[in-house]
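A.B. asks: my questions concern the predicted model and sequence given below.
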Amino acid sequence: MRNGLLRGRGLQIYTYILIAWLVLPIAVMILFGFNDTQSKQNFRWEGFTLRWYGELFARADLTTALINSVTIALLSTLITTVLGTLAGLALGRFRFRGRGATTLVLFMAISCPEIVMGAALLSMFVTFNLPRGYGTILVAHVMFSIAFVAVTVRARVSMLDPSVEEAAQDLGAGPWTRFRLITFPMIRPGVIAGALLAFVLSIDDFVITNFTSGATVTFPLWIYGSTRTGTPPQVNVMGTLIFAVGILIAILSARRAASPPPALPDT
């Protein structure tokens, strides 16, 4: 019994160390968003201040890079969610010629190293003589995100009970009515999960964006470039706010998942 207790205590200590290791970079980022630095370098603590939250958008180039990242992430998420949901429905619901090959391609897109996909996309844009910029970044983000949404939705579709839709059809519901009132509410958790995953993958992507960006600068690219001269505290503040929004979305999603389903109306 004593050996079992020691092993349990050892696992607890290991868990605490692992959590501390994961939280430490985030804690440093949040802390240095309050650093009262007077130089271009933000690597040494010089005092506490809220100044950088008030001057969050003081640097026009950084603000433009953040806007580029957010708008590209929103647009790519919207496009990817629609296309990926349709693909996930087709793969999870129907059997057709090429279904296995399509699934293989989706998993290849997920497992493909980013540097390989970035180089392939760059080669394609150069071959078709397409100028690199905002549009090519958007196309690239849609291409590497769509597989994640399709696989997530497909997993949700495979768990559905087809008898529910069959019952709705027997009661006279048409295809669009069945999808709107029956199918989509049941696959909505998978759609939301895929959309959130696509948004996160897009907003923090660096490798593929670096290959396809041209003169357009996104938030990750701006941060990489600023490390040569000194990263301003506004970067830490923006990172903190993005992290806070992600935590808020995760909490709301967890509460919604834990809430009981609505009661059926009395008949």
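C.D. replies: Received the coordinates, thanks.

A.B. asks: only C-alpha atoms from now on, for both contacts and neighbour counts.
C.D. replies: Will do.

A.B. asks: and Ile251, how many neighbours does it have?
C.D. replies: Other residues near Ile251 come to 12 when the count uses other C-alpha atoms under 10 Å.

A.B. asks: nearest spatial neighbour of Asn76, chain-adjacent residues omitted?
C.D. replies: Wrong residue type there; residue 76 is Ser, not Asn. Val142 (5.2 Å; C-alpha to C-alpha, 6 or more residues apart in numbering).

A.B. asks: quick one: name whatever helix or strand follows whichever strand or helix holds that neighbour.
C.D. replies: Assigned by DSSP states H and E, Val142 belongs to helix 134-157. The C-terminal neighbour of helix 134-157 among helices and strands, as given by DSSP H and E, is helix 162-170.

A.B. asks: mean confidence for the helix or strand following that following helix?
C.D. replies: With elements assigned by DSSP H and E, the helix or strand that comes after helix 162-170 is helix 175-178. If you average the pLDDT over helix 175-178, you get 76.

A.B. asks: the longest helix anywhere in the chain: what's the following helix or strand?
C.D. replies: With DSSP state H setting the assignment, residue counts place helix 60-93 as the longest helix in the chain. Using DSSP H and E, the helix or strand that follows helix 60-93 towards the C-terminus is helix 99-111.

A.B. asks: thinking again about what came up before, let me know the average pLDDT across the longest helix of the chain.
C.D. replies: pLDDT averaged over helix 60-93 gives 93.

A.B. asks: wait, Gln41 touches Gln234, no?
C.D. replies: No: checked against C-alpha atoms under 8 Å, the pair Gln41 and Gln234 is beyond contact range at 12.0 Å.

A.B. asks: compare neighbour counts for those two and give me the winner.
C.D. replies: Per other C-alpha under 10 Å, whichever of Gln41 and Gln234 has more neighbours is Gln234, with 23 against 13.

A.B. asks: what's the host helix or strand of that one packed up against?
C.D. replies: Assessed by DSSP H and E, Gln234 sits inside helix 233-258. Counting contacts by 3 or more C-alpha pairs under 8 Å, 6 or more residues apart in numbering; DSSP states H and E, helix 233-258 packs against helix 2-32, helix 51-54.

A.B. asks: closest one to Thr80 among these?
C.D. replies: Shortest distance between Thr80 and those, using C-alpha to C-alpha, is found for helix 2-32: 28.8 Å.

A.B. asks: now the helix or strand of the chain with the lowest mean pLDDT against helix 60-93, angle please.
C.D. replies: Within the chain, no helix or strand scores below helix 162-170, which has a mean of 71 by mean pLDDT, DSSP states H and E. Orientation of helix 162-170 against helix 60-93 (axes from the mean of the first three to the mean of the last three C-alpha atoms, to 10 degrees) gives an angle of 80 degrees.

A.B. asks: buried stuff in helix 162-170?
C.D. replies: Within helix 162-170, the residues that count as buried by 16 or more other C-alpha atoms under 10 Å are Glu165, Ala168.

A.B. asks: stretch 15-29 too?
C.D. replies: Buried, per 16+ other C-alpha under 10 Å, within stretch 15-29: Met29.

A.B. asks: tell me the mean pLDDT over that stretch?
C.D. replies: Computed over stretch 15-29, the average pLDDT equals 90.

A.B. asks: follow-up on the earlier one: buried residues, the helix holding Val142. List them.
C.D. replies: Those would be 134, 136-138, 140-142, 144-157, for helix 134-157 by 16+ other C-alpha under 10 Å.

A.B. asks: on the pLDDT front, check Arg9 for me.
C.D. replies: 77.

A.B. asks: again with Ala155
C.D. replies: For Ala155, pLDDT reads 88.

A.B. asks: which one of the helices and strands packed on helix 233-258 lies nearest to Ala250?
C.D. replies: So among the helices and strands packed on helix 233-258, helix 2-32 is nearest, using C-alpha to C-alpha, at 16.4 Å.
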